[in-house]
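Colleague: A structural model of the following input is requested.
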Amino acid sequence: MSRILLADDSPHARQMGERILREEGFEVVSLTDGHAVLARLAEVDPDLILADAFLPGKSGFELCRYVKNDPSLRHARVVLTAGLLETLDEEEARRAGCDAILKKPFEASKLVATIKPLVEAAHAARGFVEASVSASSEPPSDAAVYAPPAPAPAIDAERVRAAVTLALDAAMPSMIQEITERVLIALGH
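Modeller: Here you go, the predicted structure:
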């Protein structure tokens, strides 16, 4: 079973993410801050890390850099997340080495479509690492290492529109509440 480390300080985002991922058959470990993620990375040994870019303690950017520079975690893929109203510097995310970016609230089909190929790539990388450690001095053949990417599925514009509509309908109450709170703060109330 594939293991995903979900790092987010928002209870709502964690609950949504956990539900979607568990329904897809993933094992999920949830944490609420970057320091906890660093402390548990070796123990959890995830295939994929789904981290809020603005996580307290250590940000998702910092976690991504750490994972990408740790040889024991090179197989792990990192997806950075941010809320609809948060500005995520995509160039900084790419420099940190992230494998994908997702906006919250999570829309199930988008989340799954994003992470499945990354989990498969992590499995392949993990297999390559395990094979090279256990093999004799003979290097693995190119066929064992390289698997061509699967062709992208055809995109149905109406299904995308329906998914976006559902996601917006689900997100609208929390977006209205958040915008209202920010306006009230700006107005000094």
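
Colleague: what's the closest non-adjacent residue to Ala125?
Modeller: In space, and not counting its chain neighbours, Ala125 is closest to His75: 3.9 Å by Cβ to Cβ, 6 or more residues apart in numbering. To be clear about C-beta, it is placed using only N, CA and C from the backbone, and glycine gets the same treatment.

Colleague: do you know how far the one you found is from Val183?
Modeller: Computed as Cβ to Cβ, to the nearest Å, the His75 to Val183 distance reads 45 Å.

Colleague: which residues sit in contact with Ala93?
Modeller: Ala53, Phe61, Cys64, Leu80, Ile101 (Cβ atoms under 8 Å, 6 or more residues apart in numbering).

Colleague: among those residues, which lie within strands?
Modeller: Among the contacts of Ala93, DSSP state E puts Leu80, Ile101 in strands.

Colleague: nearest to Ser109, of the contacts of Ala93?
Modeller: Taking Cβ to Cβ as the measure, Ile101 is the one of the contacts of Ala93 closest to Ser109, at 16.5 Å.

Colleague: which stretches of this structure have low pLDDT?
Modeller: For the chain, residues meeting the criterion pLDDT under 70 lie at 128-154, 156, 160-170.

Colleague: and for stretch 77-90, what's in contact with it?
Modeller: Outside of stretch 77-90, the residues within contact range by Cβ under 8 Å, 6+ apart are 8, 10, 13, 47-54, 60-61, 63-64, 67-68, 93, 96-106, 114-115, 118-119, 121-122, 171, 175, 178-179, 182.

Colleague: great, nothing more from me.
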